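Undergrad: turn this into a structure:
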Amino acid sequence: MKIPKLSFINSIPLLFGLIIFITTVTSACSSTQEDDLDIIKAFKPDDKYFKSSLVSLHFYTEVSPVDKVDTLFRQLIEVHGLPTDASGIKDGIYTGSSPADAFDYKHVVEIRIEDGRIVEVDYNEVKYDGHGKQEDEAYCEEMSVSGTTPAIAYPSMEDQLVATQNMMEVDAVSGATYSLYRFRYAVSVALMKALI
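TA: Numbering: from 1, shown residues only. Reported below is the predicted structural model:
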């Protein structure tokens, strides 16, 4: 079988596409933007496995039974001394997020702390394009068969955190159990960033 030769003119689109591909891959690989897990390595700077344990917790949450997720979450809080409240944190607004999940959503929280108390919380699961589950009417309608929606569950968790002042005292909303652990994850990241 003879392979046809490409003329220079015919190969320009191929070369152009290859250059764009290489440029895209190179810029993506050399990005200097830190994600939250890179930032919070400073919370436990002498523990080279700290970041890995949080990455593992995130993905474990996505694929494991709730009782096992709860056990692992509590173990990591104890082992690493992860914060669960605003004790010792200066006034300010702090954000925390997870890696993207299997559906390309990051779990994102913003908390406002005043006088050592959490006074405001905003939580959502947000796609890379900025689209949040809480505002997604089609998703909320689809989830309503479970008895709740992100538009119901997330504000409930936010209100509970302000009332209890401890993320481990926030209860799951029926039909959104895994969202509770995603919420706690993001809150913990925000609190660690606040303590760095």
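Undergrad: now Q165: how far from D136?
TA: Noted for Q165: a distance of 30 Å to D136, by CB to CB, to the nearest Å. Just so you know, the C-beta spots here come from the backbone N, C-alpha and C atoms, and that holds for glycine as well.
Undergrad: one more: E125?
TA: Distance of E125 to D136, computed by CB to CB: 9 Å.
Undergrad: the two: which has the busier surroundings?
TA: Taking E125 and D136 together and counting by other CB atoms under 10 Å, E125 has the greater number of neighbours (26 against 18).
Undergrad: shouldn't that one be within a strand?
TA: Yes. The assignment for E125 is a strand, going by DSSP: H, G, I helix; E, B strand; the rest coil.
Undergrad: tell me what it is bridged to.
TA: Listed beta-bridge partners, E125: H107 (assigned using DSSP bridges).
Undergrad: list of residues touching the one helix or strand L72 maps to?
TA: Following DSSP states H and E, the helix or strand that holds L72 is helix 66-80. Taking contacts as CB atoms under 8 Å, 6 or more residues apart in numbering, the residues outside helix 66-80 that touch it are 44, 47, 50, 53-54, 57, 60-61, 64, 82, 84, 168, 177-178, 181, 184-185, 188.
Undergrad: tell me which residues of that helix are tucked away?
TA: Neighbour-count burial for helix 66-80 flags V69, D70, L72, F73, L76, I77, H80 (criterion: 16 or more other CB atoms under 10 Å).
Undergrad: show the buried residues in the contacts of helix 66-80.
TA: Using 16+ other CB under 10 Å, the buried members of those are 44, 50, 53-54, 57, 60-61, 64, 82, 84, 181, 184-185, 188.
Undergrad: would you mind listing the buried residues in the helix or strand just after the helix holding L72?
TA: Helices and strands here follow DSSP H and E; after helix 66-80, the next one along the chain is strand 92-97. Residues of strand 92-97 classed as buried: Y94, G96, S97 (neighbour count, 16+ other CB under 10 Å).
Undergrad: report the mean confidence score over stretch 175-186.
TA: Looking at stretch 175-186 alone, the average pLDDT works out to 92.
Undergrad: send me it as PDB with only the CA atoms.
TA: Taking C-alpha atoms only, stretch 175-186 is exported to PDB below (Å, rounded to 0.1, in the frame of the first residue of the first chain):
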ATOM      1  CA  GLY A 175     -32.300  13.200  49.400                       C
ATOM      2  CA  ALA A 176     -29.000  15.100  49.500                       C
ATOM      3  CA  THR A 177     -26.800  13.100  51.800                       C
ATOM      4  CA  TYR A 178     -23.700  13.100  49.700                       C
ATOM      5  CA  SER A 179     -24.100  16.900  49.300                       C
ATOM      6  CA  LEU A 180     -23.600  17.200  53.100                       C
ATOM      7  CA  TYR A 181     -20.100  15.600  52.800                       C
ATOM      8  CA  ARG A 182     -19.200  17.800  49.800                       C
ATOM      9  CA  PHE A 183     -20.400  20.800  51.800                       C
ATOM     10  CA  ARG A 184     -18.300  19.800  54.800                       C
ATOM     11  CA  TYR A 185     -15.300  19.200  52.600                       C
ATOM     12  CA  ALA A 186     -15.500  22.700  51.100                       C
END
